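# below is the sequence, then the predicted model.
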Amino acid sequence: ITTSRKNVNSSKKRTPNEIAQFTKEQKRAAWAQQVQDALKLLDLTNIPSKSYTTYNLDSLRNYLKNPLSDSNSKNLRKLSQYLYVLSAHYRRIIAYFSSQIDTTAYNVIPNISMTEDNDDEKILQNYEQALKWIEKMNLPGQIFSILTTAWREDCVYLYAYYDEDGEQDVNSFILLPMDPEYCKISSINYDGTINYAFDFSYFDNSTNSVYLEYWDKSFQTMYNTYQNDRNQKWQELDPERAWCFKVNADQLDRVIPPFASLFQDIIMLEDLKGIANVEDELSIYKLLVAKIDTLSNTQEVDDFQISLDLATQFIDKINGVLPDEIGLVLSPMTIEPITFDKNVTTEKSNSISKSSSNLFESAGVSQILDSSKITGSTAVKLKQIFDGVQGTKPLLQQIEARVNRFLDFIVPDNGMRVKYMPDVTPYSKADKITQLKDAASLGLPVKTAYLTLLGVSPLDGHALSYMENNILKLQDKWQHPLQSSYTQA
């Protein structure tokens, strides 16, 4: 530090630009350390063990008798987590609904007056500022894991960490998942966004207390409040940083996995597959019974034609060459092979296939998840559209409201709002692209929306447009369209 001060004193006077650049670099270095601290999710010197409780149908029935109780609600959530690990069918259903929302398909719409003069320069500045914050949030890179938790457990609790002073177009924004055991919904805002409270007894555990050093400083402050007053165990977190999304948003007083009604079908399907595996294993075994005949016309009991010692010697020799899957025993009965054949192989396979189909039908998902029933492209497409509505409706509006609330907080009076396209899913995107292309050709204001569906954000689109037209001047160099069947006709 002394050497650094000496160099500064002995050097020439710094220009304002040099001072600004130095300050910027220092802030970036400080932010890098803050991010490293905030993202420390695990104490590598004290890794806790994790395990799952084994569940069965009796456990499920007990939970469903009163699913609104706190204990049963928690057990249903844990059961959902368990089945998500156990069942590939359940994972596919969750992934199917979690992938319906496309946060790359959006518009940023300014607040324009239709009766008074608008400040074009100010609107453009605000527009750019909003676009940069949306880029910085990088929701497309985080949303799938967030939605997976929401569809698996009904509610997902997050805490936002971001750099307030850094470059707005640099990805330095993360939504850190919180432990649902210590979170519960506490209030709802005027825009429909949900707030949640945190149980600060979480830090009473020595394993968890280490996170006070790395998490947002407000946790330490609120934990001190809890230590001084044990009645302050539950405290609502900062509404601007504590994000919460809920699939069953019409039932804020309860948290029940959206697919709890499928749990019995899933458990029964896994049990059925287990039975089939046992039958597969038994089908390769065979038991040989060696008969020792008795002498005819004898009056003695157990008067065998050969001595038991001699028979045993032969049995030992035969056992020495038999594979493990074949057993051999002595008996005064006829030698007959006994096999454990699966006489109902096809029937059992059909039972598993039928149970799988029933599971997907119970979930109300498209036939695309059930390869045995993919028939009729039109019907499948219509079902995918319905699934898209079912998958986006509960959560997309919450995401949109939360993003706009954050923009209002971080850039107040910006006058911009984000509008996600509700009818864009992985299965409808191609049709939407065609629709917007036709609309754009008619002069309708959908060019930036069309751009986002092509995988280019509005900010990147403006940058590419500037690069191609102003710097590369491709409009002059590439005056002829690319060759195709249309241009060659």
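Sure thing, it's come through. Predicted, not measured: the structure shown is a model, and the values here were computed from it.

# ok, for L212, nearest residue in space, not its chain neighbours?
Computed as C-beta to C-beta, 6 or more residues apart in numbering, the closest residue to L212 that is not its neighbour in sequence is Q220, at 5.0 Å. Every C-beta, even on glycine, is put in place using the N, C-alpha and C of the backbone.

# a helix runs through the one you found, doesn't it?
Yes - counting by DSSP: H, G, I helix; E, B strand; the rest coil, one finds Q220 located in a helix.

# pass me the low-pLDDT residue ranges in the stretch 151-300 of the chain, would you?
The model of the stretch 151-300 of the chain has pLDDT under 70 over residues 165-171, 270-291, 295, 297-300.

# regarding this structure, what is its longest strand?
Of all the segments assigned as strand in the chain under DSSP state E, the longest by residue count is strand 155-162.

# strands of the protein, residue ranges please.
Ranges of strands within the chain are 106-110, 155-162, 173-177, 183-188, 194-199, 234-236, 242-246, 286-291, 326-331, 337-339, 416-420, based on DSSP E.

# JSON lines for those strands, including distance to T378 and mean neighbour count?
Listed next are those as JSON lines, based on distance: least, C-beta to C-beta, whole Å; neighbours: other C-beta atoms under 10 Å:
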{"stretch": "strand 106-110", "distance to T378": "29", "mean neighbour count": "17"}
{"stretch": "strand 155-162", "distance to T378": "35", "mean neighbour count": "21"}
{"stretch": "strand 173-177", "distance to T378": "39", "mean neighbour count": "18"}
{"stretch": "strand 183-188", "distance to T378": "41", "mean neighbour count": "17"}
{"stretch": "strand 194-199", "distance to T378": "38", "mean neighbour count": "20"}
{"stretch": "strand 234-236", "distance to T378": "49", "mean neighbour count": "16"}
{"stretch": "strand 242-246", "distance to T378": "33", "mean neighbour count": "24"}
{"stretch": "strand 286-291", "distance to T378": "52", "mean neighbour count": "15"}
{"stretch": "strand 326-331", "distance to T378": "56", "mean neighbour count": "13"}
{"stretch": "strand 337-339", "distance to T378": "49", "mean neighbour count": "10"}
{"stretch": "strand 416-420", "distance to T378": "27", "mean neighbour count": "18"}
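
# what angle do the top helix by length along the chain and strand 173-177 make?
Scanning the chain for the helix with the most residues, using DSSP state H, yields helix 377-410. Using axes from the mean of the first three to the mean of the last three C-alpha atoms, to 10 degrees, one finds that helix 377-410 and strand 173-177 are set 110 degrees apart in direction.

# identify each buried residue in helix 377-410, please.
Of the residues in helix 377-410, those with enough neighbours to count as buried (16 or more other C-beta atoms under 10 Å) are 380, 383-385, 387-388, 391-392, 394-396, 398-408, 410.

# tell me the helices and strands packed up against that helix.
Judged by 3 or more C-beta pairs under 8 Å, 6 or more residues apart in numbering; DSSP states H and E, the packing partners of helix 377-410 are helix 88-98, helix 120-137, helix 143-153, strand 242-246, strand 416-420.

# measure I266 to Y196 for me?
Taking C-beta to C-beta, to the nearest Å as the criterion, I266 is separated from Y196 by 28 Å.

# got it, and Y82?
Plainly put, Y82 is 24 Å away from Y196 if you go by C-beta to C-beta.

# ditto for E121
Look at E121 and Y196: by C-beta to C-beta, they are 40 Å apart.

# C-alpha coordinates for the longest strand of the chain, CSV please?
Once non-C-alpha atoms are left out, strand 155-162 reads as follows in CSV (Å, rounded to 0.1, in the frame of the first residue of the first chain):
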residue,chain,number,x,y,z
CYS,A,155,-43.6,-23.0,-4.4
VAL,A,156,-40.0,-21.8,-5.0
TYR,A,157,-38.3,-19.3,-2.8
LEU,A,158,-35.4,-17.2,-4.2
TYR,A,159,-33.1,-14.4,-3.1
ALA,A,160,-31.6,-12.0,-5.6
TYR,A,161,-28.0,-11.0,-5.6
TYR,A,162,-26.8,-8.5,-8.2
